[in-house]
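[1] okay, here's the prediction I keep looking at, along with the sequence it came from:
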Amino acid sequence: MSLPLPLASLRRAARLAATRAYAPYSKFKVGAAILTQDGAVFTGCNVENASYGLCNCAERTAIFSAIAARKKALKLRCVVVYTDTPTPTSPCGACRQVINEFGPTARVVSYCRGNAVIDTTLDQLLPGAFGPANLGH
Ligand code: THU
């Protein structure tokens, strides 16, 4: 039996992370909070660059922070995204691929300032994903 997902606190963490976004070009601030299978939470925001192609999304910032913070293997249980917009934002294709690496069945929940929520799973967002198994891992 797994513990219930602490979605309210993950939403708060993602909302706070969004306030730290560095998004002077798009002005589109995104926050993410990820929950690992062993109960740790990491957050991230988008970090843009004058060389636009180098922008890093909030979801990947959170995942890369988790990888950098500890030695044990990262297994994602849930990814929460927050945008201060009227409708929720689903992870981009690149982030779906990165989430797949560490959480192919992770729950993915997107919140916004309104009541609308996108509540789904990574395998629904990226069916038939290419992943570690294709390389024999
Ligand atoms: N962005 C994210 O951080 N996460 C998403 O799920 C969608 C897009 C960022 C990238 C860029 O800094 C800005 O939002 C506009 O695309």
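    Happy to help now that I have it. Predicted, not measured: the structure shown is a model, and the values here were computed from it.
[2] OK, contacts around the residue sitting nearest the centre point of the chain?
    Central residue of the chain (C-alpha atoms, centre = their mean): Glu59, 3.2 Å from the mean position. Contacts for Glu59 were tallied using C-beta atoms under 8 Å, 6 or more residues apart in numbering; they are 30, 32, 34, 44, 79, 81, 91, 95, 98-99. C-betas here are computed from N, CA, C, even on glycine.
[3] keep those, but drop any that are not near the ligand.
    Restricting the contacts of Glu59 to those touching the ligand (C-beta under 6 Å from any ligand atom) yields 30, 81, 91, 95.
[4] quick one, grab the pLDDT at the last one.
    Translated: Cys95. Model confidence at Cys95, given as pLDDT, is 98.
[5] and the residue nearest to it when sequence neighbours are not counted, how far is that from Leu76?
    Nearest residue to Cys95 in three dimensions, chain neighbours excluded: Glu59, at 4.1 Å (C-beta to C-beta, 6 or more residues apart in numbering). As judged by C-beta to C-beta, to the nearest Å, Glu59 and Leu76 stand 10 Å apart.
[6] flag every residue of this protein that's near the ligand.
    Residues of the chain found near the ligand, taking C-beta under 6 Å from any ligand atom as the criterion, are 23, 26, 28, 30, 46, 48, 55, 57-59, 81, 89, 91-92, 95.
[7] how about 5 Å then?
    Contact residues, the chain versus the ligand (C-beta under 5 Å from any ligand atom): 26, 28, 30, 46, 48, 55, 57-58, 91-92.
[8] can I get those residues in a markdown table with neighbour count?
    As requested, the residues of the chain next to the ligand are exported to a markdown table (neighbours: other C-beta atoms under 10 Å):
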| residue | neighbour count |
| --- | --- |
| Ser26 | 12 |
| Phe28 | 15 |
| Val30 | 27 |
| Asn46 | 24 |
| Glu48 | 18 |
| Cys55 | 15 |
| Cys57 | 22 |
| Ala58 | 30 |
| Pro91 | 25 |
| Cys92 | 13 |
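[9] determine which two of those residues are furthest apart.
    Farthest pair in these (C-beta to C-beta) is Glu48 and Pro91. Separation: 16.7 Å.
[10] poorly predicted segments of the chain, please.
    1 (pLDDT under 70).
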